[in-house]
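A.B. asks: quick one, what's the 3D model for this:
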Amino acid sequence: MTENPYLYTLLTVAATVAFIVVASFGLGFLARGVARLAGFSRLRQSSTFAGYFFAAPWIVGFVIFVVVPMAASLYWSFTNYRIPEAPIWVGFRNYTRLLLEDREFRGSMVNTLFLTVIGLPLQISAALLLAVLLNQKQRGERVFRLAFYLPVILGFNAAVLLCWRLMLNAGTGIVNQIIRALSRFPPLGYLNRAVIYVVEIVNAFFLGINNGNFTLFNKVIASGFPAANRVPMWIQTPLWSKMAVILLMVWGCGTMMLIFLAGLNNVPRELQEAAEVDGAGPWKRFWRISFPLITPYIFYNLIVGMIAAIQIFEPIYVLYRDNATLAPSAYSLVYYLWRATFRFNEIGYGSAISWVVLVLILLITLIQFRLQNRWVQYELY
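C.D. replies: Okay, here's the model as predicted:
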């Protein structure tokens, strides 16, 4: 290997290009040979060669970077594999350990269930509310669309999440400063205390399921309604660790909002006008006309959002990875996968977790598709 990094880079690029060209010609000739054996005409053989020649870079890339790693991961999931040691075949030992012995894995399952069952409906509801508001055709509409979509552009990168970590500080964070200012008005103050009480009860119950100990749940119930000066302890207590992640999920609902906005724009205007002439108010027009017609968009956001919620990783990694006492209350499946694979170097065990996550996503998606006929309206009339 050359010691000159620039020359090494050029040689790597040249070898990659050569490999792509050779793979393209090879796949094209192979496809043309199969077409010849099938008795196709010369024109059909030439078309087959051209099609596979230009599709070869994607096909070869898919095989190398998707199929081969998946096959290796499936094999490793049945082994005890720790780099640099060679894999040792253990059969279903990793899966039995996961499903029957590993309490932390079961805890990550419960946490992921919490994020999906509670966080995803809140995210979809916020996106739908914003879409309805932005569908009113008011002045400055484009500015608001950009503002609400900006979190998607920023994404869950480390810099943005570190800013959120500062903003969620219980004492000096701007989020709690705003809550304190709004809580000076009695109705909003009571609402804030009621939300804190409900959130802490629900989270204490889920933590009790994780630990098999409901002492904290009983303590929250016994402590009664929060005091007037209480604020959410976003990243300081296990009772709020998952709610901080849900807050970030809701903050990043811009993509769902745009999809809902497209669906609302596709609702026929004549139906809205006919209902308005018949005396239907805004709420009835939305619930009886718009909502049934945007159920395909809700279904799409539900499927994509569910997959994203199950695979959530970045917020948990940045907010809690250096807090050993708080992190277990927020572990997601993918975070636990990263922890087992890259922190403890258990490649085989991590591969087993990845396949459990894959099967879980496939099962839930299949169930959703089977149930869609009961509530999704695809036909207009």
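
A.B. asks: and the residue nearest the centre of this structure?
C.D. replies: Ala308 (1.5 Å; C-alpha atoms, centre = their mean).

A.B. asks: helix, strand or coil for that residue?
C.D. replies: Judged by DSSP: H, G, I helix; E, B strand; the rest coil, the three-state class of Ala308 is helix.

A.B. asks: next one: Phe225
C.D. replies: coil.

A.B. asks: still on that earlier bit, the residue nearest to the centre of the chain and Phe206, how far apart?
C.D. replies: Separation of Ala308 from Phe206 (C-beta to C-beta, to the nearest Å): 20 Å. The way it works is simple: take the backbone N, C-alpha and C, and place the C-beta from them, glycine included.

A.B. asks: now do Glu200
C.D. replies: Counting by C-beta to C-beta, the gap from Glu200 to Phe206 is 11 Å.

A.B. asks: so for those two, which sits in the more crowded spot?
C.D. replies: Glu200 (24 against 21; other C-beta atoms under 10 Å).

A.B. asks: which stretch of helix or strand covers that one?
C.D. replies: Taking DSSP states H and E as the definition, one finds Glu200 inside helix 186-211.

A.B. asks: thinking Val90 is in contact with Phe78, fair?
C.D. replies: Yes. Counting by C-beta atoms under 8 Å, Val90 does reach Phe78; the two are 6.6 Å apart.

A.B. asks: now do the shared contacts for the two.
C.D. replies: The contact sets of Val90 and Phe78 overlap at Gly348 (C-beta atoms under 8 Å, 6 or more residues apart in numbering).

A.B. asks: show me how the record splits the chain into domains.
C.D. replies: For the chain, the structural domains run 5-76, 100-170+233-374, going by automatic domain parsing.

A.B. asks: can you put those in JSON lines and add distance to Pro186 and mean pLDDT?
C.D. replies: Formatted as JSON lines, the domains of the chain follow (distance: least, C-beta to C-beta, whole Å; pLDDT from 0 to 100):
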{"stretch": "domain 5-76", "distance to Pro186": "57", "mean pLDDT": "91"}
{"stretch": "domain 100-170+233-374", "distance to Pro186": "23", "mean pLDDT": "89"}
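
A.B. asks: in TSV: those, plus distance to Asn192.
C.D. replies: Putting these into TSV (distance: least, C-beta to C-beta, whole Å) gives the following:
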stretch	distance to Asn192
domain 5-76	46
domain 100-170+233-374	13
